[in-house]
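Peer 1: Sequence first, then the predicted structure:
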Amino acid sequence: MKTVTLTMAQALLQFLNNQYIEIDGTEHKMFKGVMGIFGHGNVTGLGQALEQYKDEITFIQGKNEQGMAHAAIAYAKQKNRLEMFACTSSIGPGALNMVTAAGVATVNRIPLLLLPGDVFASRQPDPVLQQVEYPLDYTVTANDAFKPVSKYWDRINRPEQLMTAALQAMRVLADPAETGAVTLCLPQDVQCEAYDYPAEFLAKRVHHIDRKPAAASAVARAAELIRGKKRPLIVCGGGVHYSLATEELRQFAEAFRIPVTETQAGKSAISWQHPLSFGGVGVTGTLAANRLAAEADLIIGVGTRMSDFSTASKTAFSREGVEFLNINVSGLDAYKLDGTYVTADAREALQAIAAELKAQGYASAYSPEELSDWKREWDGEVDRLYSIERADGLAQTRVLGEINGFLGERDVIVCAAGSLPGDLHRVWRTTQPKTYHMEYGFSCMGYEVAGAFGIKLAEPDREVYALVGDGSYLMLHSELVTSLQEGRKITIVLFDNHGFQCIHNLQRGHGSGSFGNEFRSRSEETAQLSGDYMPIDFAAHARSLGAKSYSARTVEELRDALEKAKGGQVTTLIDIKVLPGTNTDGYESWWHVGVAEVSEMDGVKRSYEELQAKLSTVPKW
């Protein structure tokens, strides 16, 4: 048997560099490269290997471990999970910074390979700098924190263990149903140890994504269920994108005249202009979608997790006797809401069920006129929101309307947290797939700037816009510098509304006052954060990092800034002051959040009573 003597770190990189994913006859190189921040836990092991192979493997220097991992997630998501970056960190705090990103990847079903450094497997020396000593179990290190948020976790305590662990990692990363964060903990001494690795381990390996067909019996059950329903409704999730099934979804909807609604991950699968497209559903849904949902007798979920936002905490689909048909490659998601399940690839399932329904001559009972009326009413509401004029400043929906009208059809927006996701889900108009990139499985503040950088790496010929609130920007913006370093221009559109206004709205909407959510100075009179708004110049901050920047206080200034940003060649930030509370809300939706059962505040007491009345109508499964 031919062998190659390499350090464990060198062998790992050679292995990763030879992994490919194949789907529908097309091969994709699995790993674009490695993002990393070096420290004493990885610089002399994996860092040495990356330097040795610098002409073969792309290395991108992160500025914050969480940020670079977010960028890797965004890259993989934009590439429909067929290409990715690995991320490496030192031990201790550097590694723990990636735990949040691991949660983002796993919740959103996005492949992410994490390679945190670890303590000495030899325990000589011991304890090392940044080592956590857990007296009840000395094998526990900081990296054990990754276990709850990883789909596969391993620690490579001997160099030969890499061979088993690496193959198991690929099994998860390439599996459409089981993918998520994979964590391979790399003790810093073992990274540097040599072993005679079999040449076969390092050779090219292709991981085939065999589309899981729908079982004939499942197709028959699904067709029978649909055939007995008059008002079905499709809920399109992210799995439609990952299955490359946007065309099949459109054809399915058209063939049987079934309206389509979208989750945050599914948005852009169908053009807003399509007569069967009714936009977001649930807590952040459109009025048309939520009214259709309330009247539907069957919900056809395609590639969706059916989270509380999509179901409006199980109240969106309120018709007596409503049933659920869940088409999902993941059994975990297919079994939700006590639905009829088709555990299969979305594209394969849609095609098979469509063939069965066509043979039976099925069509829904919706009339074209009825659906047209629903759609016309909502389109008019979006037009109204996009044209709001305020004498005292810019309304958030007006700003979104200006941006939406300015961007090209192939331009990509990214967002994750705050009040913006709700507005975007309702009012943002897309015509092309993969132009709406929302991380709303974890809704992780700080994802936006890093995510935009990752998308730009994946789509260098597109303009990429991070739509971010001031709260999220302050939380994590470090990869702005990385975008400058790598020459990958992104545009950061910063909505400055002086605080965490989304949660401020939620707080006040449930009987509390204004407390702890706005960026105000501490008042000498009240000793509370109730003074003036903090005078933060975000444009100046971006300039100090090397970016271009503009400030916009009027529609005219915004239009001018957008034009200049699009014509520029470097990362640009547009600082827009928007009026707090000018986001969308309502549209016959509801979200279940806890309310204090006892309180001295009358508003909270009323809110608790309202909650109990609402809960009496919510299904308990």
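Peer 2: Structure received.
Peer 1: Near T617, how many other residues are there?
Peer 2: Neighbour count of T617, defined by other C-beta atoms under 10 Å: 10. C-betas here are computed from N, CA, C, even on glycine.
Peer 1: Contacts only, for it.
Peer 2: Residues near T617 by C-beta atoms under 8 Å, 6 or more residues apart in numbering: 315, 318.
Peer 1: So what pairs up with T340 in the strands?
Peer 2: Beta bridges link T340 to L325, judged by DSSP bridges.
Peer 1: Just list the residues touching it, thanks.
Peer 2: 221-222, 225, 323-326.
Peer 1: Then R221?
Peer 2: Going by C-beta under 8 Å, 6+ apart, R221 touches 340, 342.
Peer 1: So it: helix, strand or coil?
Peer 2: The local conformation at R221, judged by DSSP: H, G, I helix; E, B strand; the rest coil, is helix.
Peer 1: Can you tell me, leaving aside adjacent residues, what's nearest to the residue most central in space within the chain?
Peer 2: Of all residues in the chain, the one closest to the mean position by C-alpha atoms, centre = their mean is E439, 2.2 Å from it. Nearest residue to E439, sequence neighbours excluded (C-beta to C-beta, 6 or more residues apart in numbering): A416, at 4.2 Å.
Peer 1: what number of residues lie near the one you found?
Peer 2: Neighbours of A416 (other C-beta under 10 Å): 30.
Peer 1: can you confirm E27 is in a strand?
Peer 2: Yes: counting by three-state DSSP, one finds E27 located in a strand.
Peer 1: So it sits against I21, correct?
Peer 2: Yes: between E27 and I21 there is a contact under C-beta atoms under 8 Å: 7.2 Å.
Peer 1: Name the residues that touch the worst-scoring helix or strand of the chain on mean pLDDT?
Peer 2: The weakest-scoring helix or strand in the chain, judged by mean pLDDT, DSSP states H and E, is helix 501-509 (a mean of 83). Here helix 501-509 makes contact (C-beta under 8 Å, 6+ apart) with 417-419, 422, 469, 471, 513-515, 517-518, 580-581, 583, 585, 593, 607.
Peer 1: Mind checking which of the residues you listed are buried?
Peer 2: With burial judged by 16 or more other C-beta atoms under 10 Å, the buried subset of those is 417-419, 422, 469, 471, 517-518, 580, 583, 607.
Peer 1: Which of these fall within helices?
Peer 2: Cross-referencing the buried ones among the contacts of helix 501-509 against helices under DSSP state H gives 422, 471, 607.
Peer 1: Pop the domain breakdown of the protein in here.
Peer 2: Here the domain parsing of the chain from automatic domain parsing is 3-208, 216-375, 388-498+534-577.
Peer 1: okay, how far is it across the second one, tip to tip?
Peer 2: By that I understand domain 216-375. This stretch, domain 216-375, spans 36 Å end to end (C-alpha to C-alpha, to the nearest Å).
Peer 1: tell me how far it is from the chain's mean position?
Peer 2: The chain centroid and the centroid of domain 216-375 are separated by 21 Å, computed with C-alpha atoms, centre = their mean, to the nearest Å.
Peer 1: next one: the last one
Peer 2: Once both centres are worked out by C-alpha atoms, centre = their mean, domain 388-498+534-577 turns out to sit 16 Å from its chain's centre.
Peer 1: Check the first one too.
Peer 2: On the basis of C-alpha atoms, centre = their mean, domain 3-208 is displaced by 21 Å from the centre of the chain it belongs to.
Peer 1: Could you tell me how many residues sit around D333?
Peer 2: 23.
Peer 1: Need the pLDDT of it.
Peer 2: pLDDT for D333: 96.
Peer 1: Could you check how far it is from G471?
Peer 2: Here the criterion is C-beta to C-beta, to the nearest Å. By it, D333 lies 31 Å from G471.
Peer 1: now A539
Peer 2: Here the criterion is C-beta to C-beta. By it, A539 lies 17 Å from G471.
Peer 1: where does this structure have low pLDDT?
Peer 2: 620-621 (pLDDT under 70).
Peer 1: By residue count, tell me the biggest helix in it.
Peer 2: Max-length helix for the chain by DSSP H is helix 368-386.
Peer 1: what's it packed up against?
Peer 2: strand 277-280, helix 287-295, helix 396-406, helix 420-427 (3 or more C-beta pairs under 8 Å, 6 or more residues apart in numbering; DSSP states H and E).
Peer 1: 7 Å instead?
Peer 2: helix 287-295, helix 396-406, helix 420-427 (3 or more C-beta pairs under 7 Å, 6 or more residues apart in numbering; DSSP states H and E).
Peer 1: so of those helices, which one's packed in deepest?
Peer 2: Of those, the one with the most neighbours on average (mean count of other C-beta atoms under 10 Å) is helix 420-427, at a mean of 24.
Peer 1: So what touches whichever helix or strand comes after it?
Peer 2: Later in the chain than helix 420-427, the nearest helix or strand by DSSP states H and E is strand 436-438. The set of residues external to strand 436-438 that reach it, using C-beta atoms under 7 Å, 6 or more residues apart in numbering, is 74, 77-78, 264-265, 267-268, 412-416, 421, 424, 428, 430, 451, 455.
Peer 1: Buried residues, the longest helix of the chain. List them.
Peer 2: Those would be 371, 374-375, 378-379, 381-382, 385-386, for helix 368-386 by 16+ other C-beta under 10 Å.
Peer 1: repeat for stretch 142-150
Peer 2: 142-146, 149-150.
Peer 1: want to try TSV for these, with distance to G94 as columns?
Peer 2: Putting the buried residues of stretch 142-150 into TSV (distance: C-beta to C-beta, whole Å) gives the following:
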residue	distance to G94
A142	9
N143	11
D144	15
A145	13
F146	13
V149	17
S150	17
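Peer 1: from the residues you listed, which is closest to S551?
Peer 2: S551 has its nearest neighbour among those in V149, at 38.4 Å by C-beta to C-beta.
Peer 1: Would you check that my belief about the closest one contacting T100 is correct?
Peer 2: No: counting by C-beta atoms under 7 Å, V149 sits too far from T100 to count as a contact (8.3 Å).
Peer 1: Run through the helices of the stretch 501-621 of the chain in chain order.
Peer 2: 501-509, 538-545, 555-567, 602-615 (DSSP state H, counting those that start in this stretch).
Peer 1: I'd like a version of the ones you listed in CSV, one that adds distance to A354 as further columns.
Peer 2: CSV is the format used below for the helices of the stretch 501-621 of the chain (distance: least, C-beta to C-beta, whole Å):
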stretch, distance to A354
helix 501-509, 40
helix 538-545, 49
helix 555-567, 41
helix 602-615, 38
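Peer 1: Relative to M1, which of the ones you listed is closest?
Peer 2: With C-beta to C-beta as the criterion, M1 lies closest to helix 538-545 of the helices of the stretch 501-621 of the chain, at 52.3 Å.
Peer 1: Now that closest one: buried residues?
Peer 2: 538-539, 541-542.
Peer 1: tell me which of those is nearest to P213?
Peer 2: A542 (50.1 Å).
Peer 1: For that closest one, list the residues it contacts.
Peer 2: Counting by C-beta under 7 Å, 6+ apart, A542 has contacts 549, 573.
Peer 1: same thing with L276?
Peer 2: 253-254, 258-260, 371 are the contacts of L276 under C-beta under 7 Å, 6+ apart.
Peer 1: ok, and the most crowded of these?
Peer 2: Across the contacts of L276, neighbour numbers were computed from other C-beta under 10 Å; V260 holds the maximum, 27 neighbours.
Peer 1: For that residue, list each beta-bridge partner.
Peer 2: I234, S277.
Peer 1: re earlier: please look at the residue nearest to E439 and S443 and confirm they touch.
Peer 2: Yes: under the criterion of C-beta under 7 Å, A416 makes contact with S443 at 5.9 Å.
Peer 1: counting contacts, what elements does the helix or strand hosting G67 pack onto?
Peer 2: For G67, the host element (DSSP H and E) is helix 65-78. In terms of contacts (3+ C-beta pairs under 7 Å, 6+ apart), helix 65-78 is packed against strand 31-36, strand 84-89, helix 99-108, strand 112-118, strand 436-438, helix 447-458, helix 479-485.
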